[in-house]
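A.B. asks: A structural model of the following input is requested.
(one chain, ligands or ions: 2)
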Amino acid sequence: MDKNGKIFVAGHRGLVGSAIVKDLKAKGYQNIITRTRRELDLTDHLAVAEFFKQEKPQYVFLAAAKVGGIVANNTYRADFLYENLQIQNNVIHNSYLNGVEKLLFLGSTCIYPKEAPQPMPEDSLLTGPLEYTNEPYAIAKIAGIKLCESYNLQYGTNFIAVQPTNLYGLNDNFDLEKSHVLPALIRKMHLAKLLSEGDHQGVMTDLGVTDHVEAQQILDRFGVSASSVEIWGSGKPRREFLWSDDMANACVYVMEKVDFANVSSGMDDVRNTHINIGTGQDISIRELAELIQRIVGFTGELKFNTSKPDGTMKKLTDCSKIHSLGWKHSVELEEGIQRLYDWYVN
Ligand SMILES: NC(=O)C1=CN([C@@H]2O[C@H](COP(=O)(O)OP(=O)(O)OC[C@H]3O[C@@H](n4cnc5c(N)ncnc54)[C@H](OP(=O)(O)O)[C@@H]3O)[C@@H](O)[C@H]2O)C=CC1
Ligand SMILES: C[C@H]1O[C@H](OP(=O)(O)OP(=O)(O)OC[C@H]2O[C@@H](n3cnc4c(=O)[nH]c(N)nc43)[C@H](O)[C@@H]2O)[C@@H](O)[C@@H](O)C1=O
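C.D. replies: Ligands and ions are numbered 1, 2, ... in the order given. Purely as a prediction, here's the structure:
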């Protein structure tokens, strides 16, 4: 990538987008443009068309999307499908129309079938049914991959799709209902620890409420008490977690080193449509909860609520492709959780 080229980072206030901006700046990229959702709603096709016509970015990182944990995906199914399709259609199509040299689209490893071989290689895409809890989101992401592939094949663009495993890091979403498991468990255990220490003011500050009754209602709803914390599901599903700065580093690495232009045919044996990004290591939700419990210093009980969904039982990423391209993660899980907890507390 040209160090002076104009780079549009879509979703720059999010978990990954903010880390991409940081990584680009650290590498000397100066000409970065961003828009908040209020300034540019990416679901609005006229506004997006106008933005691309005026700004003419040379490179695009598409890290804007409607994102959430298992319950959010399962509850707001229409929004996850509609908004994600709109955002990616608008950004990818206008990137083509305005001659964007290179675009990176962030998908997700939930694109792979529920019963995909483990670890999941890139070519297990579209070989079986998806996990139902996040099927609308996954279908939008698959459409995004196919959009990139199809523009590359028909119009010779250089649009690359990467599939991140579950991510966590600074600027994460800690909403107790809508977030992913890792920030949710950090927050629930932190609240339980404060309760066990009798720090009720700390609990109210964390919850952003001034009324004790309201605070208690939230704690009850999410199963947090001085002596126990509720964990959704059986604790048996296994997940792989990648630190968001590592993900951002992989995004910039792929944009600098990989080309998807002029892929000869979509029927090639080795389809160059997308690249997995992960650590290649997973952990059960029970083990994750125990690790977070130790780091936070909460000594109470973990209560597994099996009326909440487990989702896919295992989704370990096959990272051979990104490893063979010379990239590997640097932050291990325990270190990342410690860093995130320190950041959260401060
Ligand atoms: N987090 C994870 O575990 C994983 C994430 N991914 C993918 O990685 C990418 C980044 O995810 P992540 O950083 O976690 O997501 P975040 O929710 O942290 O950030 C998403 C960003 O997109 C912006 N955005 C959403 N809708 C619109 C819109 N209509 N117009 C303009 N901006 C919008 C948000 O803006 P605002 O701040 O205004 O809301 C926010 O800045 C996404 O494509 C996601 O699907 C894939 C796998 C795992
Ligand atoms: C990144 C990825 O993220 C989602 O898929 P997911 O991996 O199922 O996401 P999750 O982090 O919400 O849950 C992981 C596991 O953890 C369990 N779990 C326990 N206790 C809590 C809890 O308190 N909150 C949450 N959210 N989960 C909990 C939960 O029941 C599940 O078994 C999709 O958005 C998908 O589309 C996607 O891209």
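
A.B. asks: Around the residue of the stretch 1-150 of the chain found nearest ligand 2, how many other residues sit close by?
C.D. replies: Of all residues in the stretch 1-150 of the chain, the one sitting closest to ligand 2 is residue 69 (2.8 Å; C-beta to the nearest ligand atom). Just so you know, the C-beta spots here come from the backbone N, C-alpha and C atoms, and that holds for glycine as well. Other residues near residue 69 come to 23 when the count uses other C-beta atoms under 10 Å.

A.B. asks: quick one: the helices in the protein?
C.D. replies: Using DSSP state H, the helices found in the chain span residues 15-26, 45-55, 70-75, 77-97, 135-155, 181-196, 200-207, 212-221, 244-257, 285-296, 320-324, 333-345.

A.B. asks: Switch those over to JSON lines; also include mean neighbour count and mean pLDDT.
C.D. replies: Converted to JSON lines, the helices of the chain look like this (neighbours: other C-beta atoms under 10 Å; pLDDT from 0 to 100):
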{"stretch": "helix 15-26", "mean neighbour count": "20", "mean pLDDT": "98"}
{"stretch": "helix 45-55", "mean neighbour count": "15", "mean pLDDT": "98"}
{"stretch": "helix 70-75", "mean neighbour count": "20", "mean pLDDT": "98"}
{"stretch": "helix 77-97", "mean neighbour count": "20", "mean pLDDT": "98"}
{"stretch": "helix 135-155", "mean neighbour count": "20", "mean pLDDT": "96"}
{"stretch": "helix 181-196", "mean neighbour count": "23", "mean pLDDT": "98"}
{"stretch": "helix 200-207", "mean neighbour count": "16", "mean pLDDT": "97"}
{"stretch": "helix 212-221", "mean neighbour count": "14", "mean pLDDT": "97"}
{"stretch": "helix 244-257", "mean neighbour count": "21", "mean pLDDT": "97"}
{"stretch": "helix 285-296", "mean neighbour count": "19", "mean pLDDT": "98"}
{"stretch": "helix 320-324", "mean neighbour count": "15", "mean pLDDT": "95"}
{"stretch": "helix 333-345", "mean neighbour count": "16", "mean pLDDT": "98"}
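
A.B. asks: could you dump these to JSON lines with distance to residue 279?
C.D. replies: Listed next are the helices of the chain as JSON lines, based on distance: least, C-beta to C-beta, whole Å:
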{"stretch": "helix 15-26", "distance to residue 279": "15"}
{"stretch": "helix 45-55", "distance to residue 279": "34"}
{"stretch": "helix 70-75", "distance to residue 279": "20"}
{"stretch": "helix 77-97", "distance to residue 279": "25"}
{"stretch": "helix 135-155", "distance to residue 279": "20"}
{"stretch": "helix 181-196", "distance to residue 279": "13"}
{"stretch": "helix 200-207", "distance to residue 279": "30"}
{"stretch": "helix 212-221", "distance to residue 279": "33"}
{"stretch": "helix 244-257", "distance to residue 279": "8"}
{"stretch": "helix 285-296", "distance to residue 279": "13"}
{"stretch": "helix 320-324", "distance to residue 279": "10"}
{"stretch": "helix 333-345", "distance to residue 279": "8"}
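
A.B. asks: Of all these, which one is nearest ligand 1?
C.D. replies: helix 15-26 (3.5 Å).

A.B. asks: Quick one: residues in contact with that closest one.
C.D. replies: 7, 9-12, 32, 34, 61, 63-64, 67, 106, 164, 167-173, 244-245, 247-249, 251-252 (C-beta atoms under 8 Å, 6 or more residues apart in numbering).

A.B. asks: CA atoms only: put stretch 21-34 into CSV for me.
C.D. replies: What follows is stretch 21-34 as a C-alpha-only set of coordinates in CSV (Å, rounded to 0.1, in the frame of the first residue of the first chain):
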residue,chain,number,x,y,z
VAL,A,21,-6.4,3.0,12.7
LYS,A,22,-3.8,2.6,15.5
ASP,A,23,-1.8,0.0,13.5
LEU,A,24,-1.9,2.0,10.3
LYS,A,25,-0.7,5.2,12.1
ALA,A,26,2.1,3.2,13.8
LYS,A,27,3.2,2.0,10.3
GLY,A,28,3.4,5.6,9.0
TYR,A,29,0.1,5.8,7.0
GLN,A,30,-0.9,9.4,7.2
ASN,A,31,-3.9,9.8,5.0
ILE,A,32,-6.7,8.0,6.9
ILE,A,33,-10.3,9.1,6.6
THR,A,34,-13.1,8.1,8.9
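
A.B. asks: between the helices of the chain, which gets nearest to residue 119?
C.D. replies: With C-beta to C-beta, the closest approach to residue 119 among the helices of the chain belongs to helix 320-324: 8.5 Å.

A.B. asks: Who are the packing partners of that closest one?
C.D. replies: Contacts defined by 3 or more C-beta pairs under 8 Å, 6 or more residues apart in numbering; DSSP states H and E place helix 320-324 against strand 274-277.

A.B. asks: List the neighbouring strands of the strand it packs on plus their orientation.
C.D. replies: strand 159-164 (parallel) (DSSP bridges).

A.B. asks: doesn't residue 131 make contact with residue 311?
C.D. replies: Yes - using C-beta atoms under 8 Å, residue 311 is in contact with residue 131, at 5.8 Å.

A.B. asks: Neighbours of residue 307, how many?
C.D. replies: Neighbours of residue 307 under the rule other C-beta under 10 Å: 6.

A.B. asks: Check the gap between it and residue 216 for me.
C.D. replies: According to C-beta to C-beta, to the nearest Å, residue 307 and residue 216 sit 21 Å apart.

A.B. asks: Thanks a lot, see you next time.
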